[in-house]
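> Only the shape, not the letters, is given here:
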């Protein structure tokens, strides 16, 4: 599954921190594609994958709170 | 970003609502919604917010609540930016190193003068107290005993009537079986 974050809204550091914290539940790959930060999520260790991605996106916003 | 159904999608103009304000509002909805924020791909001046209520949360009033929150954050940010120069000036005045140094010097001088006066006052009081104590001491003789502390008990109250000879005491106790008379007798004898 793939999810992207616009760099005009999100900071790379916040995405990286979220990936680090969620690292134990799935395999994440971050790639910087100029205007967006693409995050590829595989091997999700959770039955509801969509819910997992939703929670991850919320967590990135939460991490943006301190930025 | 795309969000599966059951949610609300809102579009905000970046002219009125800066991305920071939208993100601030999103932060408030994290507990009850799954939130996605992105720029509109067809119009870069628009931000799209998608809210999907979590289990147990309803979609009712979600949009209006979010719009209120976004507006609130937007106004706060504008006020914050508009007053930043005044705030900086206040901080500069309050925390200016030269001013702080001058103020601390003045404070030190004030403290010094005040503390000196206090010391003088304390010295005067101490001297007066010492003089009083000396006067009192001079008026008394150490052989005087106004409270009769040095007078022996017998002189004050006389001999008690029921005072017993130690042997008599042991004999009384032996009758009650409290002591062995032979052993205690030796002790009394010695």
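Looks like it came in fine. The model shown is predicted, which means the values in this text are computed figures rather than measured ones. Residues are numbered from 1 along each chain as shown, chains lettered A, B, ... in the order given.
> could you give the mean pLDDT of the strand or helix carrying residue B:77?
Residue B:77 is located in helix B:62-82, with elements delineated by DSSP states H and E. Averaged across helix B:62-82, the pLDDT comes to 91.
> by contact count, what packs against it?
Based on contacts counted as 3 or more C-beta pairs under 8 Å, 6 or more residues apart in numbering or on different chains; DSSP states H and E, the elements that helix B:62-82 packs against are strand B:8-13, helix B:19-28, strand B:46-53. In this view, the C-beta of every residue, glycine as well, is placed from N, C-alpha and C.
> Past that helix, which element shows up next along the chain?
Per DSSP H and E, the helix or strand that comes after helix B:62-82 is helix B:84-95.
> wait, doesn't residue B:70 sit right on residue B:16?
No: counting by C-beta atoms under 8 Å, residue B:16 is not a contact partner of residue B:70; they are 9.2 Å apart.
> Between those two, which is the more surrounded one?
Here residue B:70 and residue B:16 are set side by side on neighbour count (other C-beta atoms under 10 Å in any protein chain shown), and the busier one is residue B:70, at 24 against 11.
> mind listing what that one touches?
Counting by C-beta atoms under 8 Å, 6 or more residues apart in numbering or on different chains, residue B:70 makes contact with B:12, B:17, B:21, B:22, B:25, B:49.
> and the fourth one, how many neighbours?
Around residue B:22 there are 24 other residues, counting by other C-beta under 10 Å.
> What is the burial count for residue B:61?
In terms of burial, residue B:61 registers 9 neighbours under the definition other C-beta under 10 Å.
> do you know how far it is from residue A:65?
When C-beta to C-beta, to the nearest Å is applied, the distance between residue B:61 and residue A:65 equals 24 Å.
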